[in-house]
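Participant: just coords:
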Ligand SMILES: Nc1ncnc2c1ncn2[C@@H]1O[C@H](COP(=O)(O)OP(=O)(O)OP(=O)(O)O)[C@@H](O)[C@H]1O
Ligand SMILES: Nc1ncnc2c1ncn2[C@@H]1O[C@H](COP(=O)(O)OP(=O)(O)OP(=O)(O)O)[C@@H](O)[C@H]1O
Ligand SMILES: [Mg+2]
Ligand SMILES: [Mg+2]
């Protein structure tokens, strides 16, 4: 469903991704783990078109000196070079790092904004119901301005908003940060559920143990490169990987 | 002793100035500005040079407040005007000489900085900008209201001249301009400048870092007022007139145009902006009908392609930043002059896990 | 060498004004007419040599920037070597330019700015300011006097025609230096005219809307509005005055109403606006009608006081010819002796180098738009003067109707 | 007197609000201080003038055509000059000033520094509460009400409006939701310019046409926007009312100081801001971390 | 009896109808390391903001070394000796990391020990080293990844040389390896192990964290917040067994 071939991203003099290749098949839940600053977020942004969009926004300055080479295919169609909103409309949706709510809009409006592309009131209602069911707190806070939510609540909102778009492939960047253990447990259960309901997922997570357990396959990104990939057992089998990257 | 000192100076000069094309050019430009008047007897050109120097200080002071501290001031002419009026009144009514009236005028501008700064402390971002826009207009209203003292629309004329000849005035302006701009630049380069940067970037974080943002913002208003005030006082004595036009919205806009054209948050950018744009406006007198049109068009077109201003754009062409130590190097170099790292290679940024 | 001789026999006259605007265009046209006439006649005769006049157009942009104006003049002084400067309109700029010209010890004949203090300076510091003269318009104080007499006359007509006892007067006086003199004078004099003052409004010259003022004036029950408006506000005022049918005759000074485009600018609502003026199509002097027509034809505009550059240059020519030299002090001495018959009257300078007003001198005229035509309505039996061609003031019909 | 003050406030406030609402849209929602906003207003005025007085069109088609024309010009300017600079807030500021100057000079060049008047929809005056107002003013009030309602509905009741507000908060996140941020921004700019042009059609006939006519209303609408709170349509109305009221008060109560009306209304603005730094209806996120 | 080192008394903060912090009282001793936990939206971050002076409490008092902090400006509080990190990182985006930290060193408290301006950079570097991002010192903060931003936040806080350090989710965005390392450093900091030239004494700490396994290892005492109220307090061992806490916060598997 998603195929990344030799993706290289450079910001001015810094190389953030170095010949990264990765594949996500339909219905899979793929994990992506790695240390801080490895380039996980950058990879997600590149796939969803934000890197190129950033280049366009910052053109004419040094910060806009961004190069992106390599190919990205989504459902057989080449998407590197497409603007992010087109990619999002194709069903590849990113739930961004640091949550990024529309801060002055209320929770409900945020969710409505998520459903921007969804046609029909029925579909909207159903998804909204689903999200509220998943995160009851959001319903309680529906009228609150989203910037004033607590960290965890914002995280839930970000996830809910991403789900509102009815994605085909959902990329989630660090969904569990800031969630209490209770909610976090539930969240992972839900993610698994969502995945089983037919939404393919690419999951970036810091909780390596959980991720590896849930994901069919996982990639390890370090130093801007994919250093290893495989099923949990395969990765765990390699002693160096286990110690230096997974800490298990 | 002296030789060692001179040698040191030479080494610094070579290392810090000649090594970078931007700095070399700036030095040459300043040198040229200082030498040129000696050969020019044309009072008109002397006048342009003088006013350029005055406006350079004015623009730089705007940059200090707006570019560094982020208090985007749309009414900067207030400081200019307050100082111009104060200097003029002191000179005319009390007969004080310009050496006294200009500093006193600047002091008045500092007060104006406080008067504007205190109410503006609570305001943020665009609210602040638009509020500052109001102050010169309000003051202009007061100028008309108390015309016995301010001369109303006519302003205060007939104040004394700075010096006997245009040439001397020109040199005073140049010296003052060079010293003040350098001073402003030094301020922004110091710890104080760092705090200013911090306040601009994020006031709340600055507070959480233990910075008394209130005091520093006020300080910035006062400092900016001080420098703009010196420019204003000088201007009044040079024109021998302080009128409501020193409070014009368009004068405030000028400072902004100059600075942003040259490059905001750089000080040298604002100075360069004045040095380019002010004489340009005079050169365009050759086309009186479309002068303003050309001027505006130049700004639009230039900024369209150099959104950060002319100077940063230029520096980006002639200088490269070392990816590792962030020192700047002339574009001709292949290795960094400080850390010797290759300038053409891309650095892989990410690091391994084991840290802390 | 011959060429050099030719070249040296040129007098350069700077014409300063905001050339993009009507004011500056009149400055320029007036000067151009004068220069063409002089050159056609062979030039200015200095001693026994003839000097051609060369005009230097100085676009001062003064309505927008005073500093820019001084730069432009300095440029003309330093690079074009002008011998004489005529023009300027905005008071602030005129003052700055006056200082600059005095620094450079060059003759400066103001045509446009009416500030009295400019002349006072000549009295205070003759040595410094002797290079300064004014041809048009009258200074602010005289304008006030003349326009108040115009007001008195209109009041008289109102009393006669409508049987009013003591007409109520509202004063609308722009917040400008010249306006101060008028406001002060109006306050003192209006009661002595047998009229009643109901209020003074001082809008800003930049005002873009006057409905509030006009509504207030209507509320105050005014029957005459005495105006001093020298800026664009005058157009707004007149338009809204007509459109709102304010039941009060409007008289005084409204500079914009002197322009030919006034009717169009006010969408014809400015009809019956009456203002003091410098020129009118009546026989002020024997020169007036001819010159007025020529100017109108050329400019497609009625001459305003800014066109006084024509007179200024001619006055200068006469002075130079009488002096027989271009030496400044001698020329100034002759200028002081000027007695020049111009389209505006007989121009004589007082001891402050300001133009003298009064019967037999430049009197100024009152003009009124009457059904879309600009007519001269004053002097009408004032001090025995009625210029041939003058008509009686007409009360605006809606005012007459409302006050009957 | 009271009736006079109230009616004057109403009609002038309507004219101001008319100018302010479009500005508020692009300022509050697009985060662009578009100082060329009133220049569009001027352009519309000149365009109507040309179409009616020179080309001989009737008023209403001229008005429609002008709004269209100005919108096209504004969108072009936005696309070519402002959009590429959006990251550089201050540069946008200057570009818009320069744009306004360009328009000013172009008008000066083609129409000269003459004063002209724009024909209005209706001529003459009528009486409200015993206060005479021009028909044009009355019409402006009515149209303003319609426009305000329309803009409010657009922003708060349509998908487009939601997208506009979301884009204003976080462009990147908006992108991820499938919103075409650049198209949305362009449309916002277009609507804003159209509103400005509509103001040109309605308000310009009240005043006169000249190439510098953009500068004065600019400071007034800036004051209105700040008073009302960024991006709040309701705020623009209240802001306009407060400014118009303070001006009327000056004129009616201290006629000698009429020239102070601008300074006084700005003073009011500053006082309000001191009490409510985020404007009357702005959102304050105190202590947001 | 001497006044407690740090004391919060009956602190209350309401947002409209919602009471985010409800009548909370607790104390912290100078040698203590306190964990603050609670479900999402319990009011933990609000409490931090109240202490740091960013929000104004409706009621109650906050005392530090006997002095009332309520009503003080945020910078005064920092200069008294309390530093905090916040859940949402907000760095000075365009400034280099080192400059971000130097700003803290420039605060009156940072300079307290008569250090010169010249040493400020060295001090800032020490703080960066502690947080583990000294190799990025010259990068602008806008370029940092999420995890590194959290580290920067910590560096910024400790550079003010506090006596009480409040960390709001310091481990958020770090992976297990990194969490463990950072936890160790924090522990060392608390014990007064010298980090660089900055500290000789340890500091008291309040840590808010959802990663319990790490938190419980390092803290002495845990306070549990729920709906703005303290529902339990005690040693980590007690807390994980507390049924109320399990129900509200830990869930079955978390326990
Ligand atoms: N604009 C930029 N210019 C230069 N370097 C950058 C830029 N943005 C990010 N980086 C660097 O690229 C690296 C990768 O960042 P990225 O955000 O992708 O990491 P990450 O794997 O998501 O880390 P984390 O787990 O902390 O979120 C980081 O080291 C960061 O410093
Ligand atoms: N300005 C505000 N207006 C209204 N409600 C607010 C405001 N700020 C916070 N809240 C609410 O107060 C509650 C407490 O928020 P707080 O940020 O303190 O939670 P927290 O304990 O830090 O949660 P988390 O673990 O998710 O970060 C939340 O429910 C939040 O929605
Ligand atoms: Mg990341
Ligand atoms: Mg929190």
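Facilitator: Thanks, I have it. Keep in mind it's a predicted model, so treat the numbers as computed, not measured. Ligands and ions are numbered 1, 2, ... in the order given.
Participant: List the residues that contact the one residue in the stretch 1-150 of chain B that gets nearest to chain E.
Facilitator: Residue of the stretch 1-150 of chain B nearest chain E, by C-beta to the nearest C-beta: residue B:70 (10.6 Å). Glycine gets a C-beta too; all of them are placed from N, C-alpha and C. Taking C-beta atoms under 8 Å, 6 or more residues apart in numbering or on different chains, we find residue B:70 in contact with B:199, B:200, B:201.
Participant: Excluding chain neighbours, what is closest to the last one?
Facilitator: Of all residues not flanking residue B:201 in the chain, residue E:92 sits nearest, at 3.6 Å (C-beta to C-beta, 6 or more residues apart in numbering or on different chains).
Participant: in which helix or strand would I find residue E:152?
Facilitator: helix E:146-158 (DSSP states H and E).
Participant: pLDDT on the helix or strand immediately after that helix in the chain, on average?
Facilitator: With elements assigned by DSSP H and E, the helix or strand that comes after helix E:146-158 is strand E:164-168. Mean pLDDT, strand E:164-168: 91.
Participant: And strand E:164-168, how far out from the chain middle?
Facilitator: Centroid separation for strand E:164-168 versus its chain: 1 Å, with C-alpha atoms, centre = their mean, to the nearest Å.
Participant: Between helix E:146-158 and that strand, find me the angle.
Facilitator: If you take axes from the mean of the first three to the mean of the last three C-alpha atoms, to 10 degrees, strand E:164-168 sits at 160 degrees to helix E:146-158.
Participant: Just confirm yes or no for strand E:164-168 near ligand 2.
Facilitator: No: applying C-beta under 6 Å from any ligand atom, one finds strand E:164-168 separated from ligand 2 by no less than 7.2 Å.
Participant: returning to what we had before: roughly how far apart are the residue of the stretch 1-150 of chain B closest to chain E and chain D?
Facilitator: From residue B:70 across to chain D, the span is 10 Å (C-beta to the nearest C-beta, to the nearest Å).
Participant: Ok, residue A:98 next?
Facilitator: With C-beta to the nearest C-beta as the criterion, residue A:98 and chain D are 10 Å apart.
Participant: Quick check: that residue is in a helix.
Facilitator: No: looking at residue A:98 with DSSP: H, G, I helix; E, B strand; the rest coil, it is coil, so not inside a helix.
Participant: contacting residues for it?
Facilitator: So residue A:98 contacts E:88, E:146 (C-beta under 8 Å, 6+ apart).
Participant: Got phi/psi on it?
Facilitator: Per-residue torsions, residue A:98: phi 60, psi 20 (degrees, to the nearest 10).
Participant: Check residue B:261 too.
Facilitator: Per degrees, to the nearest 10, the backbone of residue B:261 is at phi -60, psi -40.
Participant: what separates stretch B:215-232 from the chain centre, distance-wise?
Facilitator: Between the centre of stretch B:215-232 and the centre of its chain there are 11 Å (C-alpha atoms, centre = their mean).
Participant: do the same with stretch C:192-201
Facilitator: That offset, for stretch C:192-201, works out to 25 Å (C-alpha atoms, centre = their mean).
Participant: how about that stretch, does it get close to chain B?
Facilitator: No: Stretch C:192-201 is not in contact with chain B by C-beta under 8 Å from any C-beta of the partner chain; minimum separation 14.2 Å.
Participant: Give me the contact list for that stretch.
Facilitator: Taking C-beta under 8 Å, 6+ apart as the rule, stretch C:192-201 contacts C:148, C:151-152, C:155, C:159, C:166-173, C:183, C:186-187, C:190-191, C:213, C:216-217, C:220-222, C:224, D:251, D:255-256, D:258.
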